[in-house]
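Undergrad: turn this into a model:
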Amino acid sequence: MQTKIIIFSFTILFFLSFTQCKVKSQMQKTLCSQQMKKVMVGFYKANITKYNFLSLPEDFERENCYFLEVRDRSVNKTVMFMDVIHTSPEDKDQFILSMYDPSRGWNFETNTELEIMNGSFNSVYLEEQKKNEQYPERVVNFFQNLMLPLIESVEPSNYQEIEPFLRLCKMLQLEELTHAVLINIADTVVTEYLPFYLKNYPEIFLYSFMNLAPQMQNILIEKFEPFIMDISIQNELEYLTQYQSDTLYSYFKKIIQNLEILSVKSGKFGVSKLAKETNKVLNKISGQKILSFLTEYHKRVDKSKPKDWIHPSAEQEIETNPVKENMIAELNQIKDFEFQFYMVELFSIMGTKILQSHDKRAGMMEMVFSSSDKCLLSDFELDEMVNVAIAHKWLLPTTIKTNTRSLLRSCIKLVDGDQETFIFKLNPTGKSRCEIVIQRIDEDNEDGHSLNRTLEILPDTNPNYTYGNSCLRDTNRQTFENVHHPGMYYRRLL
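TA: Numbers count the residues shown, from 1 in each chain. Sure thing, here's the model as predicted:
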């Protein structure tokens, strides 16, 4: 009797085991015919976005296709199935089509009570439908798991051409712009390597990218920071400042263009919708940031401005578009030699001496100090210009303010309409020789009688400077040892 019970129990266990494994058993499932697999692959390709399939069509097509007969209540069904990605390339489940009436064709199986549906892709999809999620977490996680390794594999050495530009943005304290460029890189990488998913799942893909963007940005900042801050990049930027100011200026114009997009034009800066929408949220530039740059710029260029000077736009609603547009317009009015001067000043703050450019004729002292005065200025006019130079800290406050002709070594005047440019060579201390270029514009008032006269000192990166030792640089050095040894001056870029 006991033997019969044991045999009976073994028979039940065997039957149960056989039933649970019937789908995966090679004895029960049969390879699909070529026509059946063609139907399966065709259905997959036609319904990728409907069911949120994650296997690439070409990868899915390489999977094996099987079919078998199952009983669904009182109906016999033929089911065929192939493996598709569930949550990762290594995690696959069976995608199932079934048919019980040839006239109705093959359909996506929805009866979760069928044993073959246990752990199937169909069950996963049907469960997602119950949750009514806009972006299924499974799909979002899958995309992010594909994106992250791509970002981690980015090599900054492949982007050497933009490193000086990024360093310049950092020097100008426009970190948001640097970060926006890095998001552009992330956009370019995922777009290049994941075009299928971007094309077929644009909204979920965008949502996934934006959710991951802060992490991707931090990864790229950590990768690029050492390269941006490397001394070789600084040297390259110094070289551009000194010898290729046109390239430097083109960088600055690009910065202004990007600033406008990130501040005035909704912040949508990027190569595609991925970067544009992300930068709009993550790296939009405020009016306060532009104001800070303009304030710093004017204080560096105009030495007469006090340390606590703030750009007049601060008195307006700086976060409104009209005010930001006005500030951007002002940036666009900055000339190439003016921005070059600002960069020389920044390097000077960093303790970097930028030597004299080759196109200046520094050292030709006998020629440039020829004691020729071709400007024909009255004593009053000359005193007026010297006093402007003192007020703007281009000359020491102890410089004589009247009878200033004794300081003059030579003067040349250039005339262009109402604009006169005076190129002065001076000896303001008796121990040093320097150069200053002043522009004078005379305009009639609205009454047509009185005259408006404007005097402006041009930055010493203006092409009209020829000597190589501007009065600004000379004055700044008066507290150092070189004032006692004029012939030993460093000739910097002016």
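Undergrad: ok, for residue 389, nearest residue in space, not its chain neighbours?
TA: residue 395 (4.6 Å; CB to CB, 6 or more residues apart in numbering). Every residue, glycine included, has its C-beta placed from N, CA and C.
Undergrad: how far does whichever strand or helix holds residue 385 sit from the chain's center?
TA: For residue 385, the host element (DSSP states H and E) is helix 379-391. Counting by CA atoms, centre = their mean, to the nearest Å, helix 379-391 is centred 46 Å from the centre of its parent chain.
Undergrad: which strands or helices does it pack on?
TA: strand 434-444, strand 451-457 (3 or more CB pairs under 8 Å, 6 or more residues apart in numbering; DSSP states H and E).
Undergrad: any chance of those in CSV, plus distance to residue 427?
TA: Putting the helices and strands packed on helix 379-391 into CSV (distance: least, CB to CB, whole Å) gives the following:
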stretch, distance to residue 427
strand 434-444, 8
strand 451-457, 18
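Undergrad: which stretch among these comes nearest residue 235?
TA: Residue 235 lies closest, by CB to CB, to one member of the helices and strands packed on helix 379-391: strand 434-444, at 27.4 Å.
Undergrad: wait, the residue nearest to residue 389 sits on residue 386?
TA: Yes - applying CB atoms under 8 Å, one finds residue 395 in contact with residue 386, separated by 6.9 Å.
Undergrad: am I right that residue 128 sits in a helix?
TA: Yes - secondary structure of residue 128 (DSSP: H, G, I helix; E, B strand; the rest coil): part of a helix.
Undergrad: contacting residues around it?
TA: Going by CB atoms under 8 Å, 6 or more residues apart in numbering, residue 128 touches 52, 136, 138.
Undergrad: pass me the low-pLDDT residue ranges in the stretch 301-450 of the chain, would you?
TA: 353-372, 445-450 (pLDDT under 70).
Undergrad: one more time with 90
TA: Residue ranges of the stretch 301-450 of the chain with pLDDT under 90: 345, 347-376, 398, 416-418, 428-433, 441-450.
Undergrad: phi, psi for the residue nearest to residue 389 please.
TA: phi -130, psi 150 (degrees, to the nearest 10).
Undergrad: got the angle between the helix holding residue 385 and strand 451-457?
TA: Interaxial angle, helix 379-391 versus strand 451-457 (axes from the mean of the first three to the mean of the last three CA atoms, to 10 degrees): 50 degrees.
Undergrad: using PDB, write out the CA atom coordinates for helix 379-391.
TA: What follows is helix 379-391 as a C-alpha-only set of coordinates in PDB (Å, rounded to 0.1, in the frame of the first residue of the first chain):
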ATOM      1  CA  ASP A 379      47.300 124.800 -24.600                       C
ATOM      2  CA  PHE A 380      43.700 124.600 -23.300                       C
ATOM      3  CA  GLU A 381      42.900 121.600 -25.500                       C
ATOM      4  CA  LEU A 382      46.000 119.800 -24.500                       C
ATOM      5  CA  ASP A 383      45.400 120.400 -20.800                       C
ATOM      6  CA  GLU A 384      41.800 119.200 -21.200                       C
ATOM      7  CA  MET A 385      43.000 115.900 -22.700                       C
ATOM      8  CA  VAL A 386      45.700 115.400 -20.000                       C
ATOM      9  CA  ASN A 387      43.100 116.000 -17.300                       C
ATOM     10  CA  VAL A 388      40.800 113.400 -18.900                       C
ATOM     11  CA  ALA A 389      43.700 110.900 -18.800                       C
ATOM     12  CA  ILE A 390      44.300 111.700 -15.100                       C
ATOM     13  CA  ALA A 391      40.500 111.300 -14.300                       C
END
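Undergrad: what about the closest residue to residue 264 other than its chain neighbours, which helix or strand?
TA: What sits nearest to residue 264 in space, not counting adjacent residues and going by CB to CB, 6+ apart, is residue 324, at 5.1 Å. Secondary structure from DSSP H and E places residue 324 in helix 321-332.
Undergrad: what packs against that helix?
TA: Against helix 321-332 (3+ CB pairs under 8 Å, 6+ apart) you get helix 245-263, helix 287-301.
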